[in-house]
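Enquirer: sequence? don't have it. structure:
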């Protein structure tokens, strides 16, 4: 039987959010329940309750395109497939890997019924926990090591610092290239004031959540690991002290400039 | 009775997502059900089913700080208040307005139990519909007219174009300053190639959704209104044609440079 004889299934690329199941959307919950096959990195698949009759295809974290090809072939073969991804699959997660696979892979994949189901990304959960840290214009940069030359990373950091964006760093400290976050801090310290607000938001919404609010001058990049989102404020980003032993909020106001 | 004699309630700033109720998170759904008072712009409050005993405080779109002060006073007065916001309250929505109000307002507000409940923002729904348009580094800029000088907008657009970020524009065409989107396109056309992918994503996930995939050279800013999210690709952003009358996908790959 050729592929053309088969009735194809569907593929959904589903965002599970940063960790807390309360961040799942109605749509994500429904798609996961309807799937015949779950495909994903073990840390994400393990978040889901096992369901009778639902198959699990667990892969290592470093094989996104192979994982995408497996999922596409399953859908072509009539299965209803949910590729699960942490955060939002569209923000440094599985959506790009799936469409990269499609671009160069089996032409039959292009006719499949494919949808991306967005989820809450780590920067949103971190900003929410802090108050309104992303309250104004911001840039989002991955420090991931293997797909982008350092020159491009440094060009983007310089541009973002020069135009006083809030800067959000994903994948700040990969195992293969742990020095990138040190290089990024060295560069930013030459461009921004030492009292610029910096936040290390680790494992937001998971039991091991840890948030440190510090400054560019004081921040210690040794504390950053792959589970950490790094947020570097604009010149306007500031703390609101609360007293009573409560952690301060972090605000980037909508207005720009003194008191406007 | 003074404020100190009262038992305070709580305040939640809740993201409703771009429109489709399927984008609501578990947490947002639960908080809305638990609130005694809903505060928000009519377009957002109207999305929610009326509940017996739940009060609604509907305000105009242009009075964010007054709305925030009302909500904070209600919480101080013992009410359990949900301020509802489209998209993610942390991304050009109500979170910044609430914390701006706190910063300069009644010191008692700082001790309130306040949480931000993130939601799916328009750029996430648009990128999902397109495939993986935000698949790599991106900048997010509001063109809103009244809180930021044009010089700052143009500096940020130039920096984002110069470093080849994907650029996402929120609030592209306010009633008070409709020319900003024209000025933005004029500036970007001097900095980026005419075949750069541009997307106008209007009312994503709502019944009137309309998505146009065009290029910087061809795009007509007259089509942009306040319900439109504008996405300008990087040099790497491209279409994946599907055939069979299906709309193409839009991909910004994770790698940078030819064929890597």
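Expert: Here it is on my side, so go on. Worth saying up front: this structure is predicted, and the values here are computed from it rather than measured.
Enquirer: shouldn't residue A:44 be in contact with residue A:89?
Expert: No: shown here, residue A:44 and residue A:89 do not form a contact pair, counting by C-beta atoms under 8 Å, at 10.3 Å. Glycine gets a C-beta too; all of them are placed from N, C-alpha and C.
Enquirer: Between these two, point out the one with more neighbours.
Expert: Between residue A:44 and residue A:89, residue A:89 has the larger neighbour count (other C-beta atoms under 10 Å in any protein chain shown), namely 31 against 23.
Enquirer: quick one: that one and residue A:82 touch, right?
Expert: No: in this structure, residue A:89 is not within contact of residue A:82 by C-beta under 8 Å, at 10.6 Å.
Enquirer: Between the two, which contacts overlap?
Expert: Overlap between the contact sets of residue A:89 and residue A:82, as judged by C-beta atoms under 8 Å, 6 or more residues apart in numbering or on different chains, is given by A:13-14.
Enquirer: which intervals of the stretch 151-260 of chain A have sub-threshold pLDDT?
Expert: Where the stretch 151-260 of chain A drops to pLDDT under 70, the residues are A:257-260.
Enquirer: Can you tell me which residues in it are near chain B?
Expert: Remark: the part of the stretch 151-260 of chain A in contact with chain B comprises A:152, A:155-156, A:158-160, A:162-165, A:240-244, A:246, A:249, A:251-257, A:260, using C-beta under 8 Å from any C-beta of the partner chain.
Enquirer: Sketch out the helices for the stretch 1-150 of chain A, chain order is fine.
Expert: A:26-34, A:42-45, A:64-76, A:94-104, A:122-130, A:150-162 (DSSP state H, counting those that start in this stretch).
Enquirer: So which of those helices is the most surrounded?
Expert: Comparing the helices of the stretch 1-150 of chain A on average neighbours per residue, with mean count of other C-beta atoms under 10 Å in any protein chain shown, the densest one is helix A:122-130 at a mean of 27.
Enquirer: list the helices and strands it packs on?
Expert: For helix A:122-130, the contact count by 3 or more C-beta pairs under 8 Å, 6 or more residues apart in numbering or on different chains; DSSP states H and E identifies strand A:166-170, strand A:197-202, strand A:210-215, strand A:228-232, strand B:113-117 as packing neighbours.
Enquirer: hmm, try it at 7 Å
Expert: Helix A:122-130 makes packing contacts with strand A:197-202, strand A:228-232 when contacts are defined by 3 or more C-beta pairs under 7 Å, 6 or more residues apart in numbering or on different chains; DSSP states H and E.
Enquirer: Export those as TSV, with columns for mean neighbour count.
Expert: Putting these into TSV (neighbours: other C-beta atoms under 10 Å in any protein chain shown) gives the following:
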stretch	mean neighbour count
strand A:197-202	23
strand A:228-232	26
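Enquirer: Rebuild those as JSON lines, extending it with distance to residue B:215.
Expert: Conversion of the helices and strands packed on helix A:122-130 to JSON lines gives the following (distance: least, C-beta to C-beta, whole Å):
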{"stretch": "strand A:197-202", "distance to residue B:215": "37"}
{"stretch": "strand A:228-232", "distance to residue B:215": "33"}
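Enquirer: Out of the ones you listed, which gets nearest to residue A:28?
Expert: strand A:228-232 (20.6 Å; C-beta to C-beta).
Enquirer: outside of that closest one, which residues touch it?
Expert: Contact partners of strand A:228-232, identified using C-beta atoms under 7 Å, 6 or more residues apart in numbering or on different chains, comprise A:122-123, A:126, A:133, A:166-170, A:172, A:188, A:196, A:198-202, A:204, A:216, A:224.
Enquirer: That strand pairs with which strands?
Expert: Taking DSSP bridges as the criterion, strand A:228-232 pairs within the sheet with strand A:166-170 (antiparallel), strand A:197-202 (antiparallel).
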